[in-house]
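**Q** only the shape, not the letters, is given here:
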Ligand SMILES: Nc1ncnc2c1ncn2[C@@H]1O[C@H](COP(=O)(O)OP(=O)(O)OP(=O)(O)O)[C@@H](O)[C@H]1O
């Protein structure tokens, strides 16, 4: 299969004293949906703008469909970008907003008409073609912005937080719509977001960035179940993964504040040089109601389908997700346990996962 987008050893700094992207590498296959996710300032928009040609690199190479792109101008890269602020032309109706880019490229009128109607149909905005942007809702405007990218039938779509301005419900709808679009078009899409739920639900593959450094690349379930390090473990998933600090005693017992667990069956821990580490456990992997750990239940948050239980063991906070429907009284001591095959261990110093 051909590489759709390939970035090699990309380094970017805007100023002499700070590197924003550190030696970034990725090969994106034709038709893939890749999400770049990370906290604010991690460099994800910079990377997208580098692919689009809106930003130069300090060093490194950019290829699109096998062609070297470093010196190719944005308009000749055959990509379309959708931003957070849709930047529609206010004085033009929807039809002309969609047609504008094609007119600039001197596409024949009949062809323009065909493509605009096709895109409007895909996005279910055919009835809105005569309206001006100010006569549209936020969600409709965002669909027009999408349509503008769609009509160009580009090789690659780039999205920079396109849903951030929409309310929560609309965001979920548009998420589905973009996914459907990808399913139908099978065009390469690269999507930037700080929202881990968007990343998980949309990406075939997600790349987690932190301070301009790739932390992990994988499909959503891999990244969720086997995070490379504590950053990924806590960034992906909500409520976040719990971390409990402790020591390994005689390579067979993990001992932390209020907790002592037999870890004889984890051979990776035998080879360990350090004896201080973190145990990581996801909220849904804590079993509530029976077990060897006595936890103080402080607060419960019933959500209907599940309850979020805020525990304390020793001095450490622990959040569990309980789907049993059982009602627990706060300020009581409740036995809990961890699903043994879901317990992860991380090096305290580096945050890297040991096993
Ligand atoms: N034009 C610029 N000049 C100088 N520094 C910049 C410029 N653009 C971005 N930066 C810096 O580069 C870093 C990465 O910015 P970037 O916008 O890529 O991050 P981001 O992950 O997209 O963040 P956000 O989600 O907040 O948009 C930040 O520290 C930012 O301050």
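**A** Sure, I can see it. Predicted model only: the values in this text are computed from it and were never measured.

**Q** in three-state terms, label residue 143 for me.
**A** Using DSSP: H, G, I helix; E, B strand; the rest coil, the structure places residue 143 in helix.

**Q** quick check: it touching residue 123?
**A** Yes: contact criterion CB atoms under 8 Å: residue 143 and residue 123 qualify, at 4.6 Å. To be clear about C-beta, it is placed using only N, CA and C from the backbone, and glycine gets the same treatment.

**Q** can you check which residues contact both of those two?
**A** Applying CB atoms under 8 Å, 6 or more residues apart in numbering, one finds that residue 143 and residue 123 are jointly contacted by residue 177.

**Q** OK, contacts around the residue lying closest to residue 305 once chain neighbours are set aside?
**A** Closest residue in space to residue 305, ignoring its immediate chain neighbours: residue 323 at 6.9 Å, by CB to CB, 6 or more residues apart in numbering. When contacts are counted by CB under 8 Å, 6+ apart, residue 323 is found next to 284, 305-306.

**Q** tell me the phi and psi of residue 323?
**A** Dihedral pair for residue 323: phi -110, psi 10, per degrees, to the nearest 10.

**Q** just to revisit the earlier point, in JSON lines, list the contacts of residue 323 along with neighbour count and secondary structure.
**A** Formatted as JSON lines, the contacts of residue 323 follow (neighbours: other CB atoms under 10 Å; DSSP: H, G, I helix; E, B strand; the rest coil):
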{"residue": "284", "neighbour count": "15", "secondary structure": "helix"}
{"residue": "305", "neighbour count": "7", "secondary structure": "coil"}
{"residue": "306", "neighbour count": "16", "secondary structure": "coil"}
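
**Q** okay if I get those residues as a markdown table plus distance to the ligand and pLDDT?
**A** Listed next are the contacts of residue 323 as a markdown table, based on distance: CB to the nearest ligand atom, whole Å; pLDDT from 0 to 100:
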| residue | distance to the ligand | pLDDT |
| --- | --- | --- |
| 284 | 28 | 97 |
| 305 | 31 | 94 |
| 306 | 30 | 95 |
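
**Q** nearest to residue 9 among the residues you listed?
**A** For the contacts of residue 323, the residue nearest residue 9 by CB to CB is residue 284; the value is 38.9 Å.

**Q** separation between that closest one and residue 339?
**A** 9 Å (CB to CB, to the nearest Å).

**Q** which is the next helix or strand following the longest helix along the chain?
**A** Determined from DSSP state H, the single longest helix within the chain is helix 168-185. As assigned by DSSP states H and E, the chain's next helix or strand after helix 168-185 is strand 188-193.

**Q** so how far is the very next helix or strand once past that next one from its chain's centroid?
**A** Next helix or strand after strand 188-193 toward the C-terminus (DSSP H and E): helix 196-202. For helix 196-202, the distance from its own C-alpha centre to the chain's C-alpha centre is 5 Å (CA atoms, centre = their mean, to the nearest Å).

**Q** and the contacts of the helix or strand that comes right after helix 196-202?
**A** Remark: after helix 196-202, the chain's next helix or strand is strand 205-210, criterion DSSP H and E. Applying CB under 8 Å, 6+ apart, the set of residues contacting strand 205-210 from outside is 26, 32-39, 42-44, 47, 199-200, 214-220, 223, 231-232, 235-236.

**Q** now with 6 Å, please.
**A** Here strand 205-210 makes contact (CB atoms under 6 Å, 6 or more residues apart in numbering) with 34-38, 42-44, 199, 214-217, 219-220, 223, 231-232.
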